[in-house]
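Novice: dropping a prediction and its sequence here:
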Amino acid sequence: AQRVTQPEKLLSVFKGAPVELKCNYSYSGSPELFWYVQYSRQRLQLLLRHISRESIKGFTADLNKGETSFHLKKPFAQEEDSAMYYCALNSGSARQLTFGSGTQLTVLP
Amino acid sequence: ETGVTQSPTHLIKTRGQQVTLRCSSQSGHNTVSWYQQALGQGPQFIFQYYREEENGRGNFPPRFSGLQFPNYSSELNVNALELDDSALYLCASSLAGTHRSYEQYFGPGTRLTVT
């Protein structure tokens, strides 16, 4: 069965500091991984997808199949990055998403 | 472009009752997925509907059922409500059969409280 683990419920960093949100997964097939973000009082939205290998709002994430990880990184955090971040694994023909429990990121001034 | 909408915003039900939640998909989207999000947890997949047929189901009992209508809107029905059904219910729509079929657009959710 597929599983997504986000070990940190809360993460605080200072503005301008690097940030890394950890995500590990368990899946027997070829994984398709995503990061979703929820800003305060907004709905859940897609941040990035591992296949696209693009940088969104300065965030990047690399899929490491050996370590079964998909950590989200940003070299210089901004206050507007404060939000809840969810790592998600796409599985099955229905493209059902398996979410981690989320990490609440707070960027301090 | 109209985003995903859900109704009602919140409601309170008593254990044993039945509830129907509604979702209107984003304009042009043909697939709807439902998720349950308990407090402090990530969303958990309930089921997905495509072309009015169930197209995948998570680990939820049969008392969770759904419908999709020709206009691609959808309903989630829960019978014999239990206290543990208290959660935020999210609806997400997507467009199957395109290069962006992976992208799910979420609604604001319906907060269900079972007492």
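Specialist: Here it is on my side, so go on.
Novice: which strands and helices lie in contact with the longest strand along chain A?
Specialist: Using DSSP state E, we find that the single longest strand of chain A is strand A:83-91. Applying 3 or more C-beta pairs under 8 Å, 6 or more residues apart in numbering or on different chains; DSSP states H and E, we find strand A:83-91 packed against strand A:3-5, strand A:32-38, strand A:96-99, strand A:103-108. (C-beta placed from N, C-alpha, C; glycine too.)
Novice: direction included, what does the third one pair up with?
Specialist: The pairing partners recorded for strand A:96-99 under DSSP bridges are strand A:83-91 (antiparallel).
Novice: contacts for the partner strand next, please.
Specialist: Contacts with strand A:83-91, where a contact means C-beta atoms under 8 Å, 6 or more residues apart in numbering or on different chains, come from A:2, A:4, A:6, A:21, A:23, A:25, A:27, A:29, A:31-40, A:44, A:47, A:70, A:72, A:96-100, A:102-105, B:42-43, B:102.
Novice: make a ChimeraX selection of the buried ones in these.
Specialist: Buried members of the contacts of strand A:83-91, defined by 16 or more other C-beta atoms under 10 Å in any protein chain shown, are picked up in ChimeraX with:
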select /A:2,4,6,21,23,25,27,31,32,33,34,35,36,37,38,44,47,70,72,96,97,98,99,100,102,103,105 /B:42,43,102
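Novice: near chain B, which residues of chain A show up?
Specialist: For chain A, the residues in contact with chain B (C-beta under 8 Å from any C-beta of the partner chain) are A:4, A:6, A:9, A:32, A:34, A:43-46, A:49, A:86, A:88, A:90, A:92-102.
Novice: just send the helices and strands packed on strand A:83-91 back as a markdown table, with distance to B:D84 too.
Specialist: A markdown table is the format used below for these (distance: least, C-beta to C-beta, whole Å):
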| stretch | distance to B:D84 |
| --- | --- |
| strand A:3-5 | 21 |
| strand A:32-38 | 23 |
| strand A:96-99 | 18 |
| strand A:103-108 | 24 |
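Novice: possible to save those as JSON lines with mean pLDDT and distance to A:R53?
Specialist: As requested, those are exported to JSON lines (pLDDT from 0 to 100; distance: least, C-beta to C-beta, whole Å):
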{"stretch": "strand A:3-5", "mean pLDDT": "95", "distance to A:R53": "20"}
{"stretch": "strand A:32-38", "mean pLDDT": "94", "distance to A:R53": "12"}
{"stretch": "strand A:96-99", "mean pLDDT": "91", "distance to A:R53": "20"}
{"stretch": "strand A:103-108", "mean pLDDT": "98", "distance to A:R53": "22"}
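Novice: out of these, the one nearest B:R51 is which?
Specialist: Nearest to B:R51 among those is strand A:96-99 (16.7 Å), distances taken as C-beta to C-beta.
Novice: may I have the closest one as PDB, with CA atoms only?
Specialist: C-alpha atoms of strand A:96-99 as PDB (Å, rounded to 0.1, in the frame of the first residue of the first chain):
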ATOM      1  CA  GLN A  96      -6.100   9.200  -6.500                       C
ATOM      2  CA  LEU A  97      -3.800  11.300  -4.400                       C
ATOM      3  CA  THR A  98      -2.400   9.900  -1.100                       C
ATOM      4  CA  PHE A  99      -1.400  12.900   1.000                       C
END
